[in-house]
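Visitor: Starting from these lines, generate the structure:
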Amino acid sequence: MATAKRQISNQRGGFDYLLLVIVAALLIIGLMMVYSATFDLAYKEYEQPTYFFVRQVLWAAIGVVVLLVMARIEYHNWRRFSIPIMAGTLILLGAVLFVGSERFGAQRSLFRGSIQPGELCKLALIIYIAHWLSSKGDQIRQVTYGLIPFAILIGLVAALIILQPDFSTAVLIVAIAVAMFFLAGADLFQLVVCFIVGSATFAFLITRAPYRMARVVAFLDPLGDSYGSGYQVRQTLIALGSGGISGLGLGASRQKFGYLFASHTDGIFAILGEELGLIGCLVVIGLFTALAYRGFKIALEAPDSFGTILASGITCWLIFQALINIAVVTATVPFTGIPLPFISFGGSSLAVSMAGIGLLLSVSRGGQQEEQRESARHDFGRRHWRPRLSSSGRRPGTRTRRRRNSVPGLRSKYRG
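Guide: Numbering: from 1, shown residues only. From the prediction side, this is the model:
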């Protein structure tokens, strides 16, 4: 039965339809919440209640097209363009510091907010690191070939983003890169070094910026300065608390009427909790959990190390970003601005997130096609190095034997 289902999936183009359903559900919830959170603001500023909603719909349509195009492109093609893509992204990150559009004291976008290089950087860096790590193989365990070049690249990207300043995006990018480094097979010692150096660097950056330090203080005592540094935290907690179990009802939020800043972007999860309650929040969290499951399943079934690391990086990106946004709204971590994927208002974020899903679908199609080829030729061996994640489970539908020494530290777990 399982084999028949896979054959049907391949005949239809090999798309992971469950992943598409998950993303579609998140996108619909996002459009619904963007309209609910912005109709008052849009009327006040533009005298058009649907001003933000229409733009989000247009970006969603663009995102769907981008997703389909990325899904149809064979993902190995991106290896050839990973260096030019990364170089172009670095140029954009540098350009935004000089000619970027300033908003709320930061220069993060080009062309009056149409393009945010920080958002593009997430996907570009994942593609480049996936190529770099998969080409290094076991050499990433060496300090000179693995840790040092990796630290230089990530440090350069993070520095350019912090200069905008965009501290939250820099933290997210570093977290994604370190996760990919670990899943690709990095030594535990290297991870400890990354953690110590990264923690010390970020602690230094926090203490050097008064507004960042104020956010940490507000996190430790959110009610200590309710109308100052702790104002945003207090308003998000009021919104979530007002929603209760079932919420006040769609469109009935009170915090969006000027009380909660950025209610349609960084704070949209609070509005969702106020209007749809705990039930609505759990539905969204459940959808992101399902997305994580499908993403890592695609990574496990990828036919090569590049596909495994690429799919893992994209999944970590979307899940880490969602976790940070939800953690900020629930006052679990210090306040910082980062959008909730597929739900927050923002064209660049939505389009790039949809492109990432398209890449995931492309890796999924490649895994299914490779599965068919392996089944046809009865190739029972492994010739290529495989990253750490590939050891977590077997690809369904294959008779591939595992080598005992394929996974450091887990040699006794798999017996052929």
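
Visitor: now residue 327: how far from residue 247?
Guide: 21 Å (C-beta to C-beta, to the nearest Å). No exception for glycine: its C-beta is placed from N, CA and C like everyone else's.

Visitor: and what of residue 61?
Guide: Following C-beta to C-beta, the distance that separates residue 61 from residue 247 is 28 Å.

Visitor: go on, residue 79?
Guide: 46 Å.

Visitor: The two: who's more crowded?
Guide: residue 247 (20 against 17; other C-beta atoms under 10 Å).

Visitor: Do I have it right that the more buried one meets residue 275?
Guide: Yes - assessed by C-beta atoms under 8 Å, residue 247 is found in contact with residue 275 at 5.0 Å.

Visitor: quick one: residue 122 and residue 174 touch, right?
Guide: No - with contact defined as C-beta under 8 Å, residue 122 does not reach residue 174; the gap is 11.5 Å.

Visitor: out of these two, which sits in the busier spot?
Guide: residue 122 (22 against 19).

Visitor: residues touching the more buried one, list them.
Guide: 169, 172-173, 176, 317, 352, 356 (C-beta atoms under 8 Å, 6 or more residues apart in numbering).

Visitor: can you list these in TSV and add distance to residue 73 and neighbour count?
Guide: Formatted as TSV, the entries for the contacts of residue 122 read as follows, by distance: C-beta to C-beta, whole Å; neighbours: other C-beta atoms under 10 Å:
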residue	distance to residue 73	neighbour count
169	26	27
172	25	24
173	24	22
176	22	25
317	19	26
352	16	22
356	13	27
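
Visitor: Can you give me the buried ones in stretch 148-168?
Guide: Along stretch 148-168, these residues count as buried under the neighbour rule (16 or more other C-beta atoms under 10 Å): 150-151, 153-154, 157-158, 160-162, 164-168.

Visitor: Kindly report the same for stretch 199-210.
Guide: The neighbour-count criterion (16+ other C-beta under 10 Å) identifies 202, 205 as the buried residues of stretch 199-210.

Visitor: Quick check: mean pLDDT of it?
Guide: Across stretch 199-210, the average pLDDT comes to 83.

Visitor: Name the residues that touch it?
Guide: 162, 165, 167, 171, 212-213, 216.

Visitor: switch to 6 Å and redo it
Guide: Outside stretch 199-210, the residues within contact range by C-beta atoms under 6 Å, 6 or more residues apart in numbering are 212-213.

Visitor: if we can go back for a sec, so of the contacts of residue 122, which ones are in helices?
Guide: Counting by DSSP state H, those place 169, 172-173, 176, 317, 352, 356 in helices.

Visitor: what are the ranges of the strands in this structure?
Guide: For the chain, strands defined by DSSP state E occupy the ranges 101-103, 106-109.

Visitor: Direction included, what does the last one pair up with?
Guide: Same thing as strand 106-109. For strand 106-109, sheet partners with direction are given as strand 101-103 (antiparallel), following DSSP bridges.

Visitor: now the strand it pairs with, how far from the centre of its chain.
Guide: Computed by C-alpha atoms, centre = their mean, to the nearest Å, the chain-centroid distance of strand 101-103 equals 24 Å.

Visitor: quick one: pLDDT of residue 82?
Guide: For residue 82, the model assigns a pLDDT of 92.
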